[in-house]
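Novice: Could you look at this predicted model? Sequence included:
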Amino acid sequence: MCGIVGIFDPRGTRDIDRAVLERMNQTQFHRGPVEGDVYLEPGVGFGHRRLSIIDLASGQQPLFNEDHSVVTVFNGEIYNFRELMAELKALGHTFRTQSDTETIVHAWEQWGDDCVRHLRGMFAFAIWDRKERTFFLARDHLGIKPLHYAFLPDGTLVFGSELKSLLSFPELPRTIEPRAVEEYFAYGYVPEPRTIFKDAFKLEPGHSLTLHVGADGRAARPRRWWDLPFTPHAPMGEREMEEELVTRLREAVESQLEAEVPLGAFLSGGVDSSAVVAMMAGLSKDPVNTCSIAFNDPAFDESTYARQVAEQYRTNHQSETVDKDDYGLVDLLAGLYDEPYADSSAIPTYRVCQLARKRVTVALSGDGGDENFAGYRRYRMAMGEQQVRSMLPLALRKPVFGFLGAAYPKADWAPRIFRAKTTFEALARDLVDGYFHGVSILVDRVRDQLFSDSFRARLQGYRAAEVMRAHAANSPTDDPLSLLQYVDMKTYLPGDILTKVDRASMAHALEVRVPLLDHKFVEWVSGLPSSCKLRNGEGKHIFKKALQPYLSDDILYRKKMGFSIPLASWLRGPLRESLERAVLNPMLLDTGIFNDKYLRQMLDEHQAGTKDHSTALWAVLMFEAFLRKNGATAAIRS
């Protein structure tokens, strides 16, 4: 697990400035504090920070093939590297290390761009092939590992694991992308492939980018090399499904247990992390190292369930209690994420990674279970709305429910099931637009009020829903639930969940592995019928049934809690002054993005307790923290 950076000049002749490359590399020191190095030749510079996990003695990067004609920098783990190594040796390739990194170099030599199709793991890497005069970037199937890139004004490409490495270049414009702002205030993050800056991008999951010396790199377009299949399986009985599911889960977990450093697991007491720990316990001769955090407020604490699983499997468990008012990380988070990021669960995620790193260097997590098996409540709500849609044509639904949505009073304080306004507004839309409306942190009508007239004009009618619509148009399935899962795996999973875990873990030099997102496991699960995932209002139906021999009903069927924090009370209490300073900060107001009057109205209503604007105000707070951290009053008006 590492951090990578690099510079590629398609002209192929310019000397790369070592000091600049080393400065880029040093911005990601936290990702690999063990060691780091750089490599330069005319037109190419690679940098690497290493957190040693496999082949501690000889896995240093940048790493070359035997004649030094191919070089790579790599972040991640290749779980099938031993099988690949044997295959490539049989094909005549010579290895000098036992590192998974070296399989990438020889896989490139053997298969070129298609090398990625042979890899099983989480990865982001760059390759320079001197003989072919070719530069290659690639990111793993589901976007577990991040990769950012940008073209400088002179056509030079720069890349890095984190956006901060690209910001080492003063010549990279800091212009904020208006569409990214619209997307951020809809989703709470900036979805791939955009970043908050107009001239910087994220390489999308399952994509690669190939450039050649002498060609205009800016004309190159990322290529998708993998996608979720959602290909239905041949009919099988439910019991057979359950047995195969456990077999595949156990194999996915087993494939990710290799490490030459201490290894453990997060254990929240939820279904997904408990399933991973159950499989680990059955595969390990030693007690599994597990960790969880507890909150000092029972309303936010689920550590009792984590202890129950730890006792069942006799794990070496560690738990620490965190004050529910752990609000001191706001500015730190802005530095970790490099762009606005409004998922407040980043705070407890940071703390559990901090705790885990005290004992292990590698931790397995249960991330991906909700996306795979339709565990989120939003799926249940969306499918309930879809049942109503199926009974009435859009031509009738749109005027009827549109009128009801406009006329019904807003009730953000109530549980969503009682927010008829939100439901009516969703029913007036089609499946994808209704889903977007339901998951948006700020719905269209709120963003319309939040943004200034001049900023809305700059958007030229662009709406953040276009992100979901574009993915839905490429979906391999038209099954309603599967389609929404597909959209989430292209947006919410990489943009929010995996980003959160990567930045929080790497801040502590901790590697997190996600067996439920093993691409072979995900492919198989995608082919299961929707009715096996969401049944009678219960998500993860087949997953929970399959796990009954391993986990109690208290774990499998209890109400989902999640990593929540008391946001509304924070913003009225200990963060009140910070929030007021943020909302009234001239740097924020001078961007021209916001309707100052509405910002003040939201603040006053929230502080008075007449309305709960906590989600919107937290998003504004994190946006202002980003501006302060980056010194970016960016050219939003230009």
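Specialist: Arrived safely, thanks for sending. Fair warning: this is a prediction, and the values are worked out from it, not measured in the lab.
Novice: So which residues of the stretch 51-200 of the chain form strands?
Specialist: Applying DSSP state E, counting those that start in this stretch to the stretch 51-200 of the chain gives strands spanning 63-64, 70-78, 121-129, 134-139, 148-151, 157-160, 200-202.
Novice: could you say what helices and strands the third one packs with?
Specialist: Read it as strand 121-129. strand 2-8, strand 44-50, strand 70-78, helix 100-111, strand 134-139 (3 or more Cβ pairs under 8 Å, 6 or more residues apart in numbering; DSSP states H and E). The C-beta positions use only the backbone N, C-alpha and C, and glycine is treated the same way.
Novice: which residues make contact with the helix or strand where Val487 lies from outside it?
Specialist: Following DSSP states H and E, one finds Val487 within helix 480-490. Contact partners of helix 480-490, identified using Cβ atoms under 8 Å, 6 or more residues apart in numbering, comprise 142, 192, 204-205, 228, 230, 371-372, 374, 376, 379, 382-383, 386, 431-432, 435, 468, 471-472, 475-477, 526, 530, 533-534.
Novice: After it, which helix or strand is next?
Specialist: Using DSSP H and E, the helix or strand that follows helix 480-490 towards the C-terminus is helix 492.
Novice: quick check: angle from whichever helix or strand comes after that following helix to strand 44-50?
Specialist: Remark: after helix 492, the chain's next helix or strand is helix 499-506, criterion DSSP H and E. Helix 499-506 and strand 44-50 meet at an angle of 70 degrees, taking axes from the mean of the first three to the mean of the last three Cα atoms, to 10 degrees as the criterion.
Novice: re earlier: could you dump the strands of the stretch 51-200 of the chain to JSON lines with mean neighbour count, mean pLDDT and distance to Asp216?
Specialist: Converted to JSON lines, those look like this (neighbours: other Cβ atoms under 10 Å; pLDDT from 0 to 100; distance: least, Cβ to Cβ, whole Å):
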{"stretch": "strand 63-64", "mean neighbour count": "20", "mean pLDDT": "95", "distance to Asp216": "28"}
{"stretch": "strand 70-78", "mean neighbour count": "26", "mean pLDDT": "97", "distance to Asp216": "23"}
{"stretch": "strand 121-129", "mean neighbour count": "25", "mean pLDDT": "98", "distance to Asp216": "18"}
{"stretch": "strand 134-139", "mean neighbour count": "24", "mean pLDDT": "98", "distance to Asp216": "13"}
{"stretch": "strand 148-151", "mean neighbour count": "22", "mean pLDDT": "97", "distance to Asp216": "10"}
{"stretch": "strand 157-160", "mean neighbour count": "26", "mean pLDDT": "98", "distance to Asp216": "11"}
{"stretch": "strand 200-202", "mean neighbour count": "24", "mean pLDDT": "98", "distance to Asp216": "16"}
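Novice: Turn those strands into CSV, columns for distance to Gly592.
Specialist: Formatted as CSV, these follow (distance: least, Cβ to Cβ, whole Å):
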stretch, distance to Gly592
strand 63-64, 47
strand 70-78, 37
strand 121-129, 35
strand 134-139, 34
strand 148-151, 24
strand 157-160, 28
strand 200-202, 21
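Novice: wait, which of these is closest to Ala608?
Specialist: Taking Cβ to Cβ, strand 200-202 is the member of the strands of the stretch 51-200 of the chain nearest to Ala608, at 39.6 Å.
Novice: returning to what we had before: out of the helices and strands packed on strand 121-129, which comes closest to Thr304?
Specialist: Proximity to Thr304, assessed across the helices and strands packed on strand 121-129 by Cβ to Cβ, is greatest for strand 70-78 (32.8 Å).
Novice: name the helices or strands packed onto the closest one?
Specialist: Against strand 70-78 (3+ Cβ pairs under 8 Å, 6+ apart) you get strand 2-8, strand 44-50, strand 63-64, helix 100-111, strand 121-129.
Novice: Pick the most deeply packed of those.
Specialist: The highest mean neighbour count among the helices and strands packed on strand 70-78, using mean count of other Cβ atoms under 10 Å, belongs to strand 2-8: a mean of 28.
Novice: Doesn't Gln308 belong to a helix?
Specialist: Yes: the assignment for Gln308 by DSSP: H, G, I helix; E, B strand; the rest coil puts it in a helix.
Novice: quick one: it from Val439, how far?
Specialist: 31 Å (Cβ to Cβ, to the nearest Å).
Novice: The two: who's more crowded?
Specialist: For the pair Gln308 and Val439, the greater number of neighbours falls to Val439 (21 against 16), based on other Cβ atoms under 10 Å.
Novice: Kindly list the main-chain dihedrals of the nearest residue to that one once chain neighbours are set aside?
Specialist: Closest residue in space to Val439, ignoring its immediate chain neighbours: Arg378 at 5.6 Å, by Cβ to Cβ, 6 or more residues apart in numbering. Main-chain dihedrals, Arg378, degrees, to the nearest 10: phi -60, psi -30.
Novice: do you know how far Arg378 is from Leu119?
Specialist: Distance, Arg378 to Leu119, by Cβ to Cβ: 32 Å.
Novice: When these two are compared, which one has more neighbours?
Specialist: Taking neighbours as other Cβ under 10 Å, Arg378 and Leu119 compare with Leu119 leading, 23 against 18.
Novice: For the nearest residue to that one once chain neighbours are set aside, give me its contacts.
Specialist: Distance criterion Cβ to Cβ, 6+ apart; nearest residue to Leu119, sequence neighbours excluded, is Ile78 at 5.5 Å. Residues near Ile78 by Cβ under 8 Å, 6+ apart: Leu84, Asp100, Thr101, Thr103, Ile104, Leu119, Arg120, Gly121, Phe123.
Novice: export these to JSON lines and tack on distance to Asn585?
Specialist: Formatted as JSON lines, the contacts of Ile78 follow (distance: Cβ to Cβ, whole Å):
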{"residue": "Leu84", "distance to Asn585": "52"}
{"residue": "Asp100", "distance to Asn585": "46"}
{"residue": "Thr101", "distance to Asn585": "45"}
{"residue": "Thr103", "distance to Asn585": "50"}
{"residue": "Ile104", "distance to Asn585": "45"}
{"residue": "Leu119", "distance to Asn585": "45"}
{"residue": "Arg120", "distance to Asn585": "47"}
{"residue": "Gly121", "distance to Asn585": "43"}
{"residue": "Phe123", "distance to Asn585": "39"}
